[in-house]
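**Student:** below are the sequence and a predicted model for it; my questions follow.
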Amino acid sequence: MQKDDFSNSYVVEGKLALPYTYFAGRLGSTFLTTLRDQARIMGVRCDKCGKVFLPPRQTCERCLEDIRDKWVALESTGVVVNFTVVRQQDKHLPRKTPYVLGMIKLDGADTPIVHIIEGVDPDKISEGMRVKAIFAPESEPSILLINHFEPAA
Amino acid sequence: MAEYYGVDVADIFNTMKSRFRPEGAEGVDAVFGYDIGEEGKWKLTVRQGEMTLDEGGDLSGCDVLVKVDGRTFVGLNIGKIDAMAALGAAKLKVEGDFNLFAATGKLFTKYVPPGQEVEQEQELVVLKRTISVNQRFATGPVMGTFLKGLKEKKILAIKCPVCGRLQSPPREVCAPCRVRNDEWVEIGPSGEMRMLEYCYYASPDPLTGETRETPYGAIGILLDGCRKDEVFWHLLRPDQLDAVQMGIVMGDKVVHGSRLRPVWSENRTGSINDIRYFEIDQ
């Protein structure tokens, strides 16, 4: 057999389906149901160091304090601290490319969340830009209860 | 009185009044006797949707008499012990009308020790998803030749020039001899059953994303022309899972397994699924 004989080589198309179950946990469930029922974004605050975490977490990463009950309501406005432009289309993505994924620090929070930013040219977006959350209350309890963020005045 | 699991036997009786469920007592008209060994005796009377409880005294004349030790009684009430297990272990004895005893579960809400009351049940979020990822597999010349063979209803093996070993599905090299395989041999298509894996859990097929029905049989077949452990892996016809006979080789002793033949797909595309499965060759 010759090494460069590729007459019998071909490509097989396939698809990999991965069924899975995602459990949001107690904290994540409270976060999502509050978002759905009250259109409010809730974080948790460490009493000891004052850091406000979003998404919420059980334990303060610095003080190791149990902060699972220390809910605080956050504003639905915030600032873009970082962003990327998604250009490679893939069918599992939530938007048609190009679209912007931003890290957004909400007013009152100390940690950013990742979400979609719309209503701005991907090439014109900048760090420090003010954005606000646009809610989608009808959808199922996931982070997409916030449909996207868009520039705020 | 002693505590079991942090709970007094008397506490369970003393809270019965507040835990009583008239709707659960519908149609129940009976006297229940509880003989909790050293802990004491109680008599529970349920009549027309109401209950009265008397401590101590004579338990004769009860419709049901429950004899149980304090630890088991507490365990049953707080859900630490299963009633059937306790009955089986003779820790719990029921005299009289057993159906009445079985109905006691509905008479009361569950006993919750003080300080362990649960707050309102929280809605927990569970999301079910299926990600589907498109993939492209390049066969390369060796696997390509094998798959092309299947399209033509031929099962091909590749042969090592040094040890003569046959590999199917083929690999470019013979790993033990570290040489490039160079000769194609047609094997089978029928053969002898060697191994059966009875599979109860199926993971998704990476080529189709579909999950096959369980249980299914993954089988190793010694196709005609192959020797020793040169088995070919495929599927068994689902309804023949319990009909096949496995072959065994133990030293010189050989037990022959069922003869199997491939069932080819009508629409062959050059895939391992061009053989739908193997079935018993009669």
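**Tutor:** Now that the structure is in, tell me what you want to look at.

**Student:** what ranges of the chain fall below the confidence cut-off?
**Tutor:** Just going to use chain A. A:1-4 (pLDDT under 70).

**Student:** chain B is the one I meant
**Tutor:** B:1, B:115-120, B:206-207, B:209.

**Student:** chain A contacts on that one?
**Tutor:** B:122-141, B:144-145, B:147-148, B:180, B:182, B:204, B:206-211, B:270-271 (C-beta under 8 Å from any C-beta of the partner chain). Just so you know, the C-beta spots here come from the backbone N, C-alpha and C atoms, and that holds for glycine as well.

**Student:** go again with 6 Å.
**Tutor:** B:123-141, B:144-145, B:148, B:182, B:204, B:206-207, B:209 (C-beta under 6 Å from any C-beta of the partner chain).

**Student:** which of these fall within strands?
**Tutor:** Cross-referencing those against strands under DSSP state E gives B:126-138.

**Student:** ok, the longest strand that chain A contains: who's next to it in the sheet?
**Tutor:** Using DSSP E, we find that the single longest strand of chain A is strand A:11-23. Next to strand A:11-23 in the sheet, as set by DSSP bridges, lie strand B:126-138 (antiparallel).

**Student:** centre of the chain to the strand it pairs with, how far?
**Tutor:** 25 Å (C-alpha atoms, centre = their mean, to the nearest Å).

**Student:** residues in contact with it?
**Tutor:** For strand B:126-138, contacts defined as C-beta atoms under 6 Å, 6 or more residues apart in numbering or on different chains pick out A:11-12, A:14-23, A:92, B:209.

**Student:** for that strand, list the C-alpha coordinates in CSV.
**Tutor:** Output in CSV follows, covering the C-alpha atoms of strand B:126-138 (Å, rounded to 0.1, in the frame of the first residue of the first chain):
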residue,chain,number,x,y,z
VAL,B,126,-33.5,21.6,37.1
LEU,B,127,-32.9,22.1,33.4
LYS,B,128,-32.7,19.2,30.9
ARG,B,129,-30.7,19.9,27.8
THR,B,130,-29.2,18.1,24.8
ILE,B,131,-26.2,19.6,23.1
SER,B,132,-25.7,18.5,19.6
VAL,B,133,-22.3,19.0,18.1
ASN,B,134,-21.5,18.5,14.4
GLN,B,135,-18.5,16.4,13.7
ARG,B,136,-16.5,15.2,10.8
PHE,B,137,-14.4,12.1,11.0
ALA,B,138,-11.6,11.6,8.4
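
**Student:** in chain A, which residue sits closest to chain B?
**Tutor:** residue A:17 (3.1 Å; C-beta to the nearest C-beta).

**Student:** beta partners of that residue?
**Tutor:** Bridge pairing for residue A:17 - DSSP bridges - gives residue B:132.

**Student:** where exactly do the helices run in chain B?
**Tutor:** B:9-14, B:16-19, B:70-78, B:83-88, B:98-107, B:140-151 (DSSP state H).

**Student:** how about chain A?
**Tutor:** Using DSSP H, helices in chain A cover A:25-38.

**Student:** spatially central residue in it, please.
**Tutor:** In chain A, the C-alpha closest to the average C-alpha coordinate belongs to residue A:114, at a distance of 3.5 Å (C-alpha atoms, centre = their mean).

**Student:** chain B now?
**Tutor:** Short answer for chain B (C-alpha atoms, centre = their mean): residue B:200, at 8.0 Å.

**Student:** what does chain A put close to chain B?
**Tutor:** Taking C-beta under 6 Å from any C-beta as the contact definition, chain A meets chain B at A:1, A:5-6, A:8-12, A:14-24, A:29, A:32-33, A:92, A:141.

**Student:** pull out the buried members of those residues.
**Tutor:** The neighbour count (16 or more other C-beta atoms under 10 Å in any protein chain shown) marks A:8-10, A:12, A:14-15, A:24, A:29, A:32-33, A:141 as buried among the residues of chain A next to chain B.

**Student:** and the furthest pair within those residues?
**Tutor:** Greatest spatial distance among these (C-beta to C-beta): A:8 and A:33, at 56.9 Å.
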